[in-house]
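Peer 1: Just a sequence and a predicted model for now, questions to come.
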Amino acid sequence: MPWAWVSLVGVTVWWTSGFNAVIYLAGLQDIPAELYEAARIDGADVWDRFRHVTLPGLRPVLLFVLTTTILASANVFGQSYLITLGAPGEQTRTVVWRIVDEGLRYDDAGQAAAMSIVFALALAVVSVVNFRLLRYRED
């Protein structure tokens, strides 16, 4: 088991959980109380209200949080550098770490800039695919 990555993932989840909680709270407050009341009057239990009212109401929020979490996780540098210094070996070195090494350690700013652009384009493609697959549809 790659325990170094487990610790990095745990720290990253902890780092992003506060932001995500605030976004989810805002999304929950945006769901009209009348929808819950109507579902309760129609005989929906707690699970049905969650499944048919809360989840559809949070769909745009879920898409936003998923996309921002993917982007934040792809840009991990500080956690890996501060916690493991890339150890064991170079197993916990990330793409951003490689770009920083290329630009600062090997003094090749042009190569680092090119790597950054390719990485940004790859993240843009991931974001577009994410939005296309999970986009909000009116039923």
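Peer 2: The structure has been received and is ready for your questions. Residues are numbered from 1 along each chain as shown.
Peer 1: drop to CA atoms for contacts and neighbour counts, all remaining ones
Peer 2: OK.
Peer 1: what's the longest helix in this protein?
Peer 2: helix 3-30 (DSSP state H).
Peer 1: Might you quantify the distance of that helix from its chain's geometric centre?
Peer 2: 8 Å (C-alpha atoms, centre = their mean, to the nearest Å).
Peer 1: what helices or strands is it leaning on?
Peer 2: Counting contacts by 3 or more C-alpha pairs under 8 Å, 6 or more residues apart in numbering; DSSP states H and E, helix 3-30 packs against helix 55-74, helix 78-83.
Peer 1: what residue ranges in the protein score low on pLDDT?
Peer 2: Low-confidence segments of the chain (pLDDT under 70): 1, 136-139.
Peer 1: who touches the most centrally placed residue in it in this structure?
Peer 2: In the chain, the centroid-proximal residue (C-alpha atoms, centre = their mean) is residue 69; its distance is 1.0 Å. Residues near residue 69 by C-alpha atoms under 8 Å, 6 or more residues apart in numbering: residue 16.
Peer 1: Please apply the same query to the one 10 residues further on.
Peer 2: Contact criterion C-alpha under 8 Å, 6+ apart gives 8, 11, 12 as the residues in contact with residue 79.
Peer 1: quick revisit: let's have the helices and strands packed on helix 3-30 in TSV, adding distance to residue 38.
Peer 2: As requested, these are exported to TSV (distance: least, C-alpha to C-alpha, whole Å):
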stretch	distance to residue 38
helix 55-74	15
helix 78-83	46
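Peer 1: and of those helices, who's closest to residue 114?
Peer 2: helix 55-74 (17.1 Å; C-alpha to C-alpha).
Peer 1: Tabulate the CA atom coordinates of stretch 38-49 in PDB.
Peer 2: What follows is stretch 38-49, C-alpha atoms only, in PDB (Å, rounded to 0.1, in the frame of the first residue of the first chain):
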ATOM      1  CA  ALA A  38     -44.900  19.100  -1.000                       C
ATOM      2  CA  ALA A  39     -42.900  15.800  -0.900                       C
ATOM      3  CA  ARG A  40     -43.900  15.300   2.700                       C
ATOM      4  CA  ILE A  41     -47.500  15.900   2.000                       C
ATOM      5  CA  ASP A  42     -47.300  13.400  -0.900                       C
ATOM      6  CA  GLY A  43     -46.100  10.800   1.500                       C
ATOM      7  CA  ALA A  44     -42.400  10.800   0.700                       C
ATOM      8  CA  ASP A  45     -40.200   9.500   3.500                       C
ATOM      9  CA  VAL A  46     -36.800  10.900   4.400                       C
ATOM     10  CA  TRP A  47     -34.900   8.800   1.800                       C
ATOM     11  CA  ASP A  48     -37.400   9.700  -0.900                       C
ATOM     12  CA  ARG A  49     -37.100  13.400  -0.100                       C
END
